[in-house]
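Student: Quick one: sequence and predicted model below, then my questions.
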Amino acid sequence: MSIVTPEARMSYPHLLKPDTRFGEESAKFKVNLVIPKNAENDKWVEEFKTQIIELVNSQWEKRPSNLHIPQLDGDKMAEKQPEYEGNWVIKAKCNPDHPPHVFLKSDKAKKVEARDICQGDWCRAEIEPRVYTKMGNGIYILLHKVLLVRKGEPFAGQGGSGDPAAFDKYFEATESSADDMFA
């Protein structure tokens, strides 16, 4: 079952063309969704964890000892990724044959270009936990859609791309609900 994330910052976004740095055979569209820890987002994360636990329980009678789950506590990653401190991190991806639909908040009909996407920018995403059993056991987070919400400060140590001035002109200061974010 798909779920819409709260606003999250994008880390290592590969949304318009797959990440091929480990070869074409492992190419994926992907993004790390960095969700700030606060009461509202922590509640959402708990609901998301419950959905994952239900998926695990429906797949396996006994939870595999080597089970991989790509939802992480950013505080535990802060030594290598200081920008993740105080955040939840969800690693979402999809295969090249099913790229994510990417939209601008203020102009969903506009074709999104590479300059529109920069690490550190804010988005909401439609994601879905799925099971894999090849090459180990685990849960992966399938990336369906990404709504680019607003500009953000680039994370330290991650290369930025895009023209902030060109990107900002497409955004309005309107609120969107999960129900209509991709309408």
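Tutor: Structure received. In this text the structure is predicted, and so the values were computed from the model without any measurement. Residues are numbered from 1 along each chain as shown.

Student: residue contacts, Phe155?
Tutor: The contact partners of Phe155, taken as C-beta atoms under 8 Å, 6 or more residues apart in numbering, are 9, 11, 83, 119-120. Placement of C-beta: from N, CA and C, glycine included.

Student: and with 6 Å instead?
Tutor: Neighbouring residues of Phe155 by C-beta atoms under 6 Å, 6 or more residues apart in numbering: 83, 119-120.

Student: Out of these, who's the most crowded?
Tutor: Neighbour counts for the contacts of Phe155, by other C-beta atoms under 10 Å, peak at Gln119, which reaches 23 neighbours.

Student: Tell me which residue is most central in this protein.
Tutor: Per C-alpha atoms, centre = their mean, the C-alpha nearest to the average position across the chain is that of Leu33, at 3.6 Å.

Student: ok, then the element right after the longest helix belonging to the chain?
Tutor: In the chain, with assignment by DSSP state H, the single longest helix is helix 39-59. Using DSSP states H and E, the helix or strand that follows helix 39-59 in sequence is strand 71-73.

Student: pull the CA atoms of the host helix or strand of Cys123 into CSV?
Tutor: In the assignment (DSSP H and E), Cys123 maps to strand 122-132. Output of strand 122-132 as CSV, limited to C-alpha atoms (Å, rounded to 0.1, in the frame of the first residue of the first chain):
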residue,chain,number,x,y,z
TRP,A,122,12.3,19.8,0.0
CYS,A,123,9.8,17.3,-1.4
ARG,A,124,7.0,14.9,-0.5
ALA,A,125,7.0,11.5,-2.0
GLU,A,126,4.6,8.6,-2.6
ILE,A,127,6.4,5.4,-1.6
GLU,A,128,5.5,1.8,-0.9
PRO,A,129,7.3,-0.8,1.2
ARG,A,130,7.9,-4.0,-0.8
VAL,A,131,9.5,-7.4,0.0
TYR,A,132,12.5,-8.8,-1.8
